[in-house]
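Trainee: Based on what follows, work out the 3D shape:
(one chain, ligands or ions: 1)
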Amino acid sequence: MKNMAKCIGEFEWQGIGGDAIKSLTDAENGDMLSSVAWRKVRSILMKELEERPKLGMMKEIAALELESRCVVLKRKRDRRMMIKLRGGTAAFQIQVGRWQGVERKERTCKECQSEETEDVCHWLLQCPAWDHLRRPLVEDVSQCDGFQGQSLTKQEAFVLATACTNYTLLNYLCSMWYARFSA
Ligand SMILES: [Zn+2]
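Mentor: Numbers count the residues shown, from 1 in each chain. Okay, here's the model as predicted:
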C-alpha cells in the first residue's frame, strides 16, 4: 500500500494535489482509483462505439436470426451496397463527417431541412427527400412478419437483413441508394 500511495502522490485527482492524496486512507485511495479506472474504461468504450457503430447494426441483424448473407447476392454492385449499409461504411454525413473530423451534431442531412443526423436509419426510414422511393419499399416490407410496430433500429436491421434474400426489396433499396449516391 505504501508504494501505491507513493504512486498516487505523483498525480493529481479532482484538484487534490500529490501530498493531500498521500494522506488519504486506503479506502479513499481505493474509491479514487476505481473512479479513475472506470472513467478510462468508459472513455475507451465510447470511443470504440463511436468508431465502430457497425458492430451495433451487425448485432441487430444477427439478433433477427434470419438467413442473411451478402455473399449470396449475384450482382457485385448489390453486394457492395449491402456491405456498406450493414457495415456502417456508406458515405452518409455521419460517416463522411467522421472521416473529416466534423463534430457529430454537425453531421446533418443535406437532403432535407430536418437538421437530423444523416445516417442509414435517417436515409432509409425517415428522410422526407426519399419519401417517393421509400413508399413502395415500406409497402413491400410491411407485408413481412417482424417489421411493423418495431423500433426504427429494428426496422432498419430487418430491411438490411431481408434485402439479401428478397429481390423486390433489394431493388427498391437500390433505387434509393442510386438516387442518393449517383447524383
Ligand atoms: Zn434528410
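
Trainee: Domain-wise, how is the protein divided?
Mentor: Using automatic domain parsing, the domains assigned to the chain come out as 2-51, 61-181.

Trainee: Let me know which of those is the nearest to the ion.
Mentor: domain 61-181 (3.1 Å; CB to the ion). From N, CA and C alone the C-beta is placed, and that goes for glycine too.

Trainee: picking up where we left off before, comparing the domains of the chain, which stretch has the densest surroundings?
Mentor: domain 61-181 (a mean of 16; mean count of other CB atoms under 10 Å).

Trainee: Any residue of that domain touching the ion?
Mentor: Yes: using CB under 5 Å from the ion, domain 61-181 reaches the ion at 109, 111-112, 127.

Trainee: Make TSV from the domains of the chain and add mean pLDDT to it.
Mentor: Formatted as TSV, the domains of the chain follow (pLDDT from 0 to 100):
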stretch	mean pLDDT
domain 2-51	66
domain 61-181	93
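
Trainee: can you map out the strands along the protein?
Mentor: For the chain, applying DSSP state E gives no strands.

Trainee: Helices of that one, start to end?
Mentor: Here the chain has its helices, by DSSP state H, at 2-9, 18-22, 26-51, 53-63, 76-87, 93-100, 120-121, 131-142, 152-162, 167-181.

Trainee: now what about stretch 71-87, what contacts it?
Mentor: 54, 57-58, 61, 70, 89-91, 120, 160, 163-165, 170, 173-174, 177 (CB atoms under 8 Å, 6 or more residues apart in numbering).

Trainee: Let's see that with 10 Å instead.
Mentor: 52-55, 57-58, 60-61, 68-70, 89-92, 95, 120, 123-124, 156-157, 159-161, 163-165, 167, 170-171, 173-174, 176-178, 181 (CB atoms under 10 Å, 6 or more residues apart in numbering).

Trainee: possible to save the residues of domain 61-181 next to the ion as JSON lines with distance to A37?
Mentor: Formatted as JSON lines, these follow (distance: CB to CB, whole Å):
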{"residue": "C109", "distance to A37": "39"}
{"residue": "E111", "distance to A37": "43"}
{"residue": "C112", "distance to A37": "43"}
{"residue": "C127", "distance to A37": "41"}
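
Trainee: What residues does T117 make contact with?
Mentor: Per CB under 10 Å, 6+ apart, neighbours of T117: 92-94, 97, 104-109.

Trainee: For those, which two are the farthest from each other?
Mentor: Spanning the widest gap among the contacts of T117 are F92 and K105, at 15.0 Å by CB to CB.

Trainee: so what's the residue nearest to F158 when sequence neighbours are not counted up against?
Mentor: Spatial nearest neighbour of F158, excluding adjacent residues (CB to CB, 6 or more residues apart in numbering): F147 at 5.1 Å. Taking CB under 10 Å, 6+ apart, we find F147 in contact with 138, 140-141, 154-155, 158-159, 162.

Trainee: next one: E139
Mentor: Y172.
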